[in-house]
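Enquirer: I'll drop the sequence and a predicted model, then ask my questions.
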Amino acid sequence: IFDELTQGTVRIKSKNFLIETPKKGLAAGAEIVGLCCTEFGLLLKENEYFPSIDSTKAHVRALLAHT
């Protein structure tokens with residue numbers, strides 16, 4: 001995150017890692033993945049490769065629901 005994403009660097013190797021790692025949890029029985037870092041949105045879109053919640057988008061949706 002700090003060496004790449006916060007510097008504006010997006011590497012396919014890192015994206016692939018972020019796609020493959022949660023699949024292990026899903027295979028073990030998890031139902032959804034939390035993308036709980038503001039920079040993860042640079043690599044993946046919510047529900048793009050597996051069921052997921054982008055925490056940044058979830059916070060915005062919650063704030064908008066209360067306005």
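Expert: Cool, got the structure.

Enquirer: quick one: low-confidence parts of the chain?
Expert: Nowhere does the chain drop to pLDDT under 70.

Enquirer: Please enumerate the helices of it.
Expert: 12-27, 55-65 (DSSP state H).

Enquirer: Can you tell me which of those is nearest to residue 43?
Expert: helix 12-27 (4.7 Å; CB to CB). Any C-beta I mention is one placed from the backbone N, CA and C, and that applies to glycine too.

Enquirer: Quick check: buried residues in the closest one?
Expert: 14, 18, 22 (16 or more other CB atoms under 10 Å).

Enquirer: could I get the helices of the chain as TSV with distance to residue 34?
Expert: Shown next, in TSV, are the helices of the chain (distance: least, CB to CB, whole Å):
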stretch	distance to residue 34
helix 12-27	9
helix 55-65	6
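
Enquirer: which stretch among these comes nearest residue 3?
Expert: Between the helices of the chain, helix 12-27 lies closest to residue 3; by CB to CB that is 9.4 Å.

Enquirer: before we move on, the earlier item: which one of the buried residues of helix 12-27 is nearest residue 4?
Expert: residue 14 (5.8 Å).

Enquirer: Setting the sequence-adjacent residues aside, check what's closest to the residue nearest the centre of the chain.
Expert: Using CA atoms, centre = their mean, the residue of the chain that lies closest to the mean C-alpha position is residue 35, 3.1 Å off. Using CB to CB, 6 or more residues apart in numbering and skipping the chain neighbours, the partner closest in space to residue 35 is residue 54 (4.7 Å).

Enquirer: same deal with residue 22?
Expert: residue 33 (4.2 Å).

Enquirer: Now do the same contact list for that neighbour.
Expert: Contact analysis of residue 33 by CB atoms under 8 Å, 6 or more residues apart in numbering lists 22, 25-26, 50-53.

Enquirer: Dump these to JSON lines, plus distance to residue 44.
Expert: Formatted as JSON lines, the contacts of residue 33 follow (distance: CB to CB, whole Å):
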{"residue": "22", "distance to residue 44": "9"}
{"residue": "25", "distance to residue 44": "15"}
{"residue": "26", "distance to residue 44": "14"}
{"residue": "50", "distance to residue 44": "9"}
{"residue": "51", "distance to residue 44": "12"}
{"residue": "52", "distance to residue 44": "7"}
{"residue": "53", "distance to residue 44": "11"}
